[in-house]
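Visitor: Predicted model follows, preceded by the sequence.
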Amino acid sequence: QPQFVESGGGLVQTGGSLRLSCAVSGSFFSVKLLGWFRQTPGKQREYKASVRTRDGTTYYTDSVKGRFIISKDDAKNMVFLEMNSLKPEDAAVYYCAASSQGIRYDIWGQGTQVTVSS
């Protein structure tokens with residue numbers, strides 16, 4: 001099954017932007033959905049955005065809609081999350097994930113830390 005490695009996290013000021021990348025080893029056409037989640041200490045991992053591998057349809061939670069953009073590069077087997085107008089509450093460890101059957105996410109990366117200073 002594919003393996004994911006995230007990168008691009010770091011420290012950014014409120015209102016700034018970051019672009020997270022997720023390199024996928026192996027073709028991600030074996031999975032139905034690619035997504036980004038985030039987690040803060042003491043809280044459960046939260047879904048934020050996803051893209052359907054078959055046709056590129058994207059989905060977002062209300063908290064990031066209009067600010068974050070998920071995209072994929074089929075030729076490079078990479079998934080991206082462009083994050084704009086960042087807020088302190090966006091600070092978290094961000095995880096790239098895949099849903100092999102389109103039901104639950106069952107393949108996870110190791111996460112990348114995003115810190116937003118106020």
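Guide: It's in.

Visitor: Show me what the spatially most central residue of the chain bridges to in the sheet.
Guide: The C-alpha lying nearest the average C-alpha coordinate of the chain belongs to W36 (C-alpha atoms, centre = their mean; 2.5 Å). Legend: beta-bridge partners of W36 under DSSP bridges are A49, C96.

Visitor: Contacts only, for it.
Guide: 20, 22, 48-50, 68, 70, 79, 81, 94-97 (C-beta atoms under 8 Å, 6 or more residues apart in numbering). Glycine gets a C-beta too; all of them are placed from N, C-alpha and C.

Visitor: Buried among those residues? Make that a ChimeraX selection.
Guide: Buried members of these, defined by 16 or more other C-beta atoms under 10 Å, are picked up in ChimeraX with:
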select :20,22,48,49,50,68,70,79,81,94,95,96,97
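
Visitor: ok, so of the contacts of W36, who is nearest R104?
Guide: Nearest to R104 among the contacts of W36, counting by C-beta to C-beta, is A97 at 9.7 Å.

Visitor: what's the spacing between the residue nearest to the closest one when sequence neighbours are not counted and D90?
Guide: The shortest distance from A97 to any non-neighbouring residue, by C-beta to C-beta, 6 or more residues apart in numbering, is to Y105 (4.2 Å). Look at Y105 and D90: by C-beta to C-beta, to the nearest Å, they are 20 Å apart.

Visitor: Same question for R67.
Guide: For R67, the distance to D90 - C-beta to C-beta - is 8 Å.

Visitor: shared neighbours of these two, which are they?
Guide: M83.

Visitor: show me the contacts for the closest residue to Q3 other than its chain neighbours.
Guide: In space, and not counting its chain neighbours, Q3 is closest to S25: 4.6 Å by C-beta to C-beta, 6+ apart. Neighbouring residues of S25 by C-beta under 8 Å, 6+ apart: 2-5, 77.

Visitor: Which of those residues ranks first by neighbour count?
Guide: F4 (22 neighbours; other C-beta atoms under 10 Å).
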